[in-house]
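Peer 1: The following block contains a protein sequence and its predicted model.
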There are 4 protein chains.
Amino acid sequence: MSQMNTMIAAHPSVQGSTNEVLIRATQEFYSCAQMCISCADACTAEDQVEMLRQCIRLNLDCADLCFAAGSVGTRRSGSNEEVIIAAIRACQTACTICAEECEKHASKHEHCGICAEHCRRCAQTCEEAIGSIR
Amino acid sequence: MSQMNTMIAAHPSVQGSTNEVLIRATQEFYSCAQMCISCADACTAEDQVEMLRQCIRLNLDCADLCFAAGSVGTRRSGSNEEVIIAAIRACQTACTICAEECEKHASKHEHCGICAEHCRRCAQTCEEAIGSIR
Amino acid sequence: MSQMNTMIAAHPSVQGSTNEVLIRATQEFYSCAQMCISCADACTAEDQVEMLRQCIRLNLDCADLCFAAGSVGTRRSGSNEEVIIAAIRACQTACTICAEECEKHASKHEHCGICAEHCRRCAQTCEEAIGSIR
Amino acid sequence: MSQMNTMIAAHPSVQGSTNEVLIRATQEFYSCAQMCISCADACTAEDQVEMLRQCIRLNLDCADLCFAAGSVGTRRSGSNEEVIIAAIRACQTACTICAEECEKHASKHEHCGICAEHCRRCAQTCEEAIGSIR
């Protein structure tokens, strides 16, 4: 059991019965956000940065929406799942579109390949997280 | 013309033809986020904080999604409006649900009334912003 | 009196005696964050983006620290001013360094000039905000 | 080697010679931010929430500054370490003060104990991260 699991298990409204799929998902959202921030910065440093403009933007958009989904998903919004689902859906859209863009540059730039892979997996995790809530 | 308008008008891909509805919207997203952070803190300080638990959470969720919509909307994601729309839709959901909760406490707590009003207006702004993009 | 002032005046621990200097400062932190996000995106779109790498990074760093200072300053951390001051100091450092970099490009890129001006003013506001707390 | 290490090793300005202490630190900043968000939410749900007001605020302040330090530290601000150090110093202050507050409630609330432990460790990590940069 991860430390985050132990943490959430100690929540007075949870009392041990954690949604482990959602907890793992929130951790992946934060990790994907960091990957995207790092990829944007690596793209900025590339010789051919002018080919990577759209990638930089989508990386930063994706990071913002991953962070929001991570924080909203970490907070237990009581009986209201609608906000969590909205946050995760937006995160999923951003991850999917960011992955598509990163994949175009994966053969030239290893960081884009790594980032694309994370975003693809994160979009899949979003699906599972939503499934675990409903 | 606001300073933010002048700023975005200086963007090389914009060159003066700004979407003023979207720019105003992004400013309102940030301002609504700050309102929600302030309302959550005021709720935490209330004598009857145990009545305001759900309000605190929804305030914080709303702030996170407003910030993300503000930043994604500020960035010009090239020809890709899908991410901006996803971010604004999530923001709108959070604003609507936060407003509903805040309204329940508006008669007792002025800050909840002010916050509810901002969230309602922000949800409406989301609609206009999406309309301006499409 | 701004709406944010009214909001914070309604806080049970404030009861009307707001620190208007700090409130205005928090609003400027968020506004400076947005300017920096916009400047980073405009830099990314410039023909000579390879000259603006450091500017893009410092803009994004500055945005992150402005947001944090805005949110920490909005929340009334009870009797503990040390965290607020730490947040504002970090914001001030980022604003000063970002302004220096943006000024180098101000003659070529209007957005860098606007951003530099905002960051300079924001660094000054940080000083005033810290003075208002102590 | 963690995935984040592989990612940053692929950065064109890094080319394999990563600062592993800093990379691990940024991951811990994000993880500490999530812990603090979770602790704030658990505190909000406690029967004796009125005893935990200061804890909730400091948790949220700490989360904001941990996120900023994580993102600034992930981005390679070229030759400019001053901003990274400022961000990490602010994070360290917030972690230390949050840990002190959480420790007061650790005997009653397990989540405060877990959070205090993370914040203490994170404050120590800040020190090591700064040492690794200079």
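Peer 2: Great, that's in hand.
Peer 1: ok, which residues in chain A are in contact with chain B?
Peer 2: Proximity of chain A to chain B, by C-beta under 8 Å from any C-beta of the partner chain, involves residues A:53-54, A:57-58, A:60-62, A:64-65, A:67-68, A:71-72, A:75-78, A:80, A:82-84, A:86-87, A:89-90, A:93-94, A:97. The way it works is simple: take the backbone N, C-alpha and C, and place the C-beta from them, glycine included.
Peer 1: Now list the buried members of the residues you listed.
Peer 2: A:53-54, A:57-58, A:60-62, A:64-65, A:67-68, A:71-72, A:75-77, A:80, A:83-84, A:86-87, A:89-90, A:93-94, A:97 (16 or more other C-beta atoms under 10 Å in any protein chain shown).
Peer 1: Take those and keep only those in helices.
Peer 2: A:53-54, A:57-58, A:60-62, A:64-65, A:67-68, A:71-72, A:83-84, A:86-87, A:89-90, A:93-94, A:97 (DSSP state H).
Peer 1: tell me the contacts of the residue nearest the centre of chain A?
Peer 2: Centroid-nearest residue in chain A: A:Phe29, 2.9 Å away (criterion: C-alpha atoms, centre = their mean). With contact set as C-beta atoms under 8 Å, 6 or more residues apart in numbering or on different chains, A:Phe29 has these partners: A:66-67, A:69-70, A:73, A:91, A:122, A:125.
Peer 1: what would these look like in TSV with distance to D:His109?
Peer 2: Converted to TSV, the contacts of A:Phe29 look like this (distance: C-beta to C-beta, whole Å):
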residue	distance to D:His109
A:Cys66	29
A:Phe67	26
A:Ala69	27
A:Gly70	23
A:Gly73	22
A:Cys91	30
A:Cys122	32
A:Thr125	30
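Peer 1: Could you identify the most distant pair in those?
Peer 2: Greatest spatial distance among these (C-beta to C-beta): A:Phe67 and A:Thr125, at 14.9 Å.
Peer 1: Next, the residue located most distally from the centre of chain A: secondary structure please.
Peer 2: Within chain A, the residue lying farthest from the chain centre (C-alpha atoms, centre = their mean) is A:Asp47, at 27.6 Å. At A:Asp47, secondary structure determined by DSSP: H, G, I helix; E, B strand; the rest coil is coil.
Peer 1: Look up the closest residue to the residue nearest to the centre of chain A, ignoring the ones flanking it.
Peer 2: A:Gly70 (3.7 Å; C-beta to C-beta, 6 or more residues apart in numbering or on different chains).
Peer 1: so that neighbour makes contact with D:Ala63?
Peer 2: No: when contacts are counted by C-beta atoms under 8 Å, A:Gly70 is not listed as touching D:Ala63 (10.8 Å).
Peer 1: so what sits against both of these two?
Peer 2: Common contact partners of A:Gly70 and D:Ala63 (C-beta under 8 Å, 6+ apart): D:Gln34.
Peer 1: need the contact list for the closest residue to A:Ala90 other than its chain neighbours.
Peer 2: The shortest distance from A:Ala90 to any non-neighbouring residue, by C-beta to C-beta, 6+ apart, is to B:Ala90 (3.9 Å). By C-beta under 8 Å, 6+ apart, the residues touching B:Ala90 are A:65, A:68, A:86-87, A:89-90, B:65, B:68-69.
Peer 1: A:Asp64 too?
Peer 2: A:33, A:94, B:67-68, B:71-72, B:87.
Peer 1: So which of those residues reach chain C?
Peer 2: B:67, B:71.
Peer 1: Pick out whichever of the contacts of A:Asp64 sits closest to chain D.
Peer 2: Nearest to chain D out of the contacts of A:Asp64 is A:Ala33 (C-beta to the nearest C-beta; 7.8 Å).
Peer 1: Need the pLDDT of the closest one.
Peer 2: Looking at A:Ala33, its pLDDT stands at 98.
Peer 1: How about it: what's its closest non-neighbour residue?
Peer 2: Excluding the flanking residues, the one nearest A:Ala33 by C-beta to C-beta, 6+ apart is A:Cys66, at 3.8 Å.
Peer 1: Tell me how many other residues surround the one you found.
Peer 2: 34 (other C-beta atoms under 10 Å in any protein chain shown).
Peer 1: From B:Asn59, how far off is it?
Peer 2: Counting by C-beta to C-beta, to the nearest Å, the gap from A:Cys66 to B:Asn59 is 21 Å.
Peer 1: so A:Val21 touches A:Ser132, yeah?
Peer 2: Yes: between A:Val21 and A:Ser132 there is a contact under C-beta under 8 Å: 3.8 Å.
Peer 1: what is in contact with those two at once?
Peer 2: Counting by C-beta under 8 Å, 6+ apart, A:Val21 and A:Ser132 have no contacts in common.
Peer 1: Hmm, A:Ile130 is touching A:Arg89, no?
Peer 2: Yes: contact criterion C-beta under 8 Å: A:Ile130 and A:Arg89 qualify, at 7.3 Å.
Peer 1: Give the burial count for the closest residue to A:Gln3 other than its chain neighbours, as a bare number.
Peer 2: Spatial nearest neighbour of A:Gln3, chain neighbours left out: D:Ile114 (7.0 Å); criterion: C-beta to C-beta, 6+ apart. Using other C-beta under 10 Å, D:Ile114 has 23 neighbouring residues.
Peer 1: Understood, closing this out.
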